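Peer 1: how does the following fold in three dimensions:
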Amino acid sequence: MILYGKQDISNADIDAVVDVLQSDFLTQGPKVPAFEKAISDYCGASFAVAVNSATSALHIACLALNVGANDWVWTSPITFVASANCALYCGANIDFVDVEPTSGNMCPKALAAKLAWAAENACLPKVIIPVHLCGHSCDMKAISALAKQYDVKVIEDASHGIGGSFDGNKLGCCQYSDITVFSFHPVKIITSAEGGVATTNDSQLAQSMAMLRSHGITKTPQQMLRPNEGDWYYEQHQLGFNYRMTELQAALGLSQMTRLDEFISRRNQLAQHYATQLSGLAVNIVEPLSNSVSARHLQMIRLQTPSKRKAIFAALRNAEIQVHVHYFPVHLQPYYLNLGFAVGDYPQAERFYEQILTLPLHTQLTEQQVELVSLALAEHIV
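Peer 2: Okay, here's the model as predicted:
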């Protein structure tokens, strides 16, 4: 089977995890802060807060921005459900912004129109969560300008995007957002088995997220009501969660960071080989913005004959090629239909979903396998 995604684990990664297993700390030790520093240094952000998943990072990012009951959060309908669920965890309302038809990313024109309508109707969102689908950056400059115009906060869901850049700066630098979230699930660019990180340049947001990931507890004297109680003492200041990342996860992530640029380079090489091999076929490759470098988490194409997708999908799976579809529109999930969303609410997203197919892409994929995938696609697309 040619897998659509796969982790790339080296002997150095294994040694890093074994070292932790033989150390004094399996959790709450030195590796998590070291991993956080590696992330913040790489991205050019002031702070990074590591947690046990990107879903957790999205949740505490919303909470740190004071998202709560009666607030609105907007995100993209073409994403994994966690990008929307995080608002509901906070008791807020969720809505969506339609996508740009060729990239599947949040459309700035649709956002501008929706914000203007919301301003007139006194229902502006507190937070917007653009999603960097495939690792291709949204037009964050345009989205940020609109958010500032309407005094709306921005969380970048860069779960697909670590190692990518936009407008000359790494995703995660938070030039155009308040917080950026990364995922380290095994099929992502780098992995910590499970895990996530939120980056920010705001010390108060970083402090709040760090507290929220660990039961709302602090041991920092400057934050305490009773700072002189003793070294054993801690205080709970918020209703937090056990979202901590373990030392094992952080050690793996820290080791993987040393190969991040290598991974990005390899993924882009393979994407370029796909572009060559797919040239002339009845497909459109979903490509990043010209002023960006994609992390290339997914190799996504749009079929020019969408009615054939199910047959093409089945044929390639039967040929031991693990094609996939990312994603079914969130607003059409049964849970969201029960919230009042309906078919036709976001027509560009629904049309985009009907066209897309994800081809295998990971660092251990070979050029020969890219050619096999392309040939199989060519055979069944006619």
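
Peer 1: quick one: mean pLDDT for stretch 198-205?
Peer 2: Stretch 198-205 carries an average pLDDT of 98.

Peer 1: need the contact list for the residue nearest the centre of the chain.
Peer 2: Centroid-nearest residue in the chain: S159, 1.6 Å away (criterion: Cα atoms, centre = their mean). For S159, the contacting residues are A54, F80, A82, S83, V131, H132, V181, F182, S183, H185, K188, G196, by Cβ atoms under 8 Å, 6 or more residues apart in numbering. Placement of C-beta: from N, CA and C, glycine included.

Peer 1: I'd guess the fourth one is in a strand, am I close?
Peer 2: No. Under DSSP: H, G, I helix; E, B strand; the rest coil, S83 sits outside any strand and is assigned helix.

Peer 1: how about the contacts made by it?
Peer 2: With the criterion set at Cβ under 8 Å, 6+ apart, S83 makes contact with L58, T75, S76, I129, V131, D157, S159, V330.

Peer 1: can you do 7 Å?
Peer 2: L58, T75, S76, I129, V131, D157 (Cβ atoms under 7 Å, 6 or more residues apart in numbering).

Peer 1: for those residues, pick the one with the most neighbours.
Peer 2: Counting neighbours by other Cβ atoms under 10 Å, D157 leads the contacts of S83 with 31 neighbours.

Peer 1: buried sites along the helix ranked longest in the chain?
Peer 2: In the chain, with assignment by DSSP state H, the single longest helix is helix 260-278. Buried residues in helix 260-278, defined by neighbour count with 16 or more other Cβ atoms under 10 Å: L260, F263, I264, R266, R267, N268, L270, A271, H273, Y274, Q277, L278.

Peer 1: put together CSV for these, with distance to M106 and pLDDT on each row.
Peer 2: As requested, the buried residues of helix 260-278 are exported to CSV (distance: Cβ to Cβ, whole Å; pLDDT from 0 to 100):
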residue, distance to M106, pLDDT
L260, 25, 98
F263, 26, 98
I264, 23, 98
R266, 28, 98
R267, 23, 98
N268, 23, 98
L270, 26, 98
A271, 22, 98
H273, 29, 98
Y274, 25, 98
Q277, 30, 98
L278, 26, 98
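
Peer 1: so can I have CSV of the residues you listed showing distance to I381?
Peer 2: Shown next, in CSV, are the buried residues of helix 260-278 (distance: Cβ to Cβ, whole Å):
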residue, distance to I381
L260, 34
F263, 29
I264, 29
R266, 26
R267, 24
N268, 24
L270, 20
A271, 19
H273, 18
Y274, 14
Q277, 13
L278, 10
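
Peer 1: those strands in the stretch 151-300 of the chain, which residues are they?
Peer 2: Assigned by DSSP state E, counting those that start in this stretch, the stretch 151-300 of the chain shows strands spanning 153-157, 165-166, 169-170, 179-183, 196-200, 217-218, 235-236, 283-285, 292-293, 299-303.

Peer 1: can you put the ones you listed in TSV and add distance to A142?
Peer 2: Formatted as TSV, the strands of the stretch 151-300 of the chain follow (distance: least, Cβ to Cβ, whole Å):
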stretch	distance to A142
strand 153-157	12
strand 165-166	11
strand 169-170	15
strand 179-183	17
strand 196-200	21
strand 217-218	38
strand 235-236	41
strand 283-285	22
strand 292-293	13
strand 299-303	22
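
Peer 1: so how far is R259 from the residue nearest to the centre of the chain?
Peer 2: Using Cβ to Cβ, to the nearest Å, S159 is found at 19 Å from R259.

Peer 1: identify the residues contacting Q369.
Peer 2: The neighbourhood of Q369, defined by Cβ under 7 Å, 6+ apart, consists of I2, P360.

Peer 1: just the element for it, please.
Peer 2: Using DSSP states H and E, Q369 falls within helix 367-381.

Peer 1: orientation of that helix relative to strand 299-303 in degrees?
Peer 2: Compare the direction of helix 367-381 with that of strand 299-303 by axes from the mean of the first three to the mean of the last three Cα atoms, to 10 degrees and you get 20 degrees.

Peer 1: buried residues, helix 367-381. List them.
Peer 2: Q369, V370, L372, V373, S374, A376, L377, H380, I381.

Peer 1: one step back: export the longest helix of the chain as PDB, just CAs?
Peer 2: In PDB, the C-alpha atoms belonging to helix 260-278 read as follows (Å, rounded to 0.1, in the frame of the first residue of the first chain):
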ATOM      1  CA  LEU A 260      12.100  20.000   9.700                       C
ATOM      2  CA  ASP A 261      13.700  22.000   6.900                       C
ATOM      3  CA  GLU A 262      14.800  18.700   5.300                       C
ATOM      4  CA  PHE A 263      11.300  17.400   5.500                       C
ATOM      5  CA  ILE A 264       9.900  20.600   3.900                       C
ATOM      6  CA  SER A 265      12.400  20.500   1.100                       C
ATOM      7  CA  ARG A 266      11.600  16.800   0.300                       C
ATOM      8  CA  ARG A 267       7.800  17.400   0.300                       C
ATOM      9  CA  ASN A 268       8.200  20.300  -2.100                       C
ATOM     10  CA  GLN A 269      10.400  18.200  -4.400                       C
ATOM     11  CA  LEU A 270       7.800  15.500  -4.500                       C
ATOM     12  CA  ALA A 271       5.000  18.100  -5.100                       C
ATOM     13  CA  GLN A 272       7.000  19.400  -8.000                       C
ATOM     14  CA  HIS A 273       7.400  15.900  -9.400                       C
ATOM     15  CA  TYR A 274       3.600  15.400  -9.100                       C
ATOM     16  CA  ALA A 275       3.100  18.700 -11.100                       C
ATOM     17  CA  THR A 276       5.300  17.300 -13.900                       C
ATOM     18  CA  GLN A 277       3.600  13.900 -13.900                       C
ATOM     19  CA  LEU A 278       0.100  15.200 -13.700                       C
END
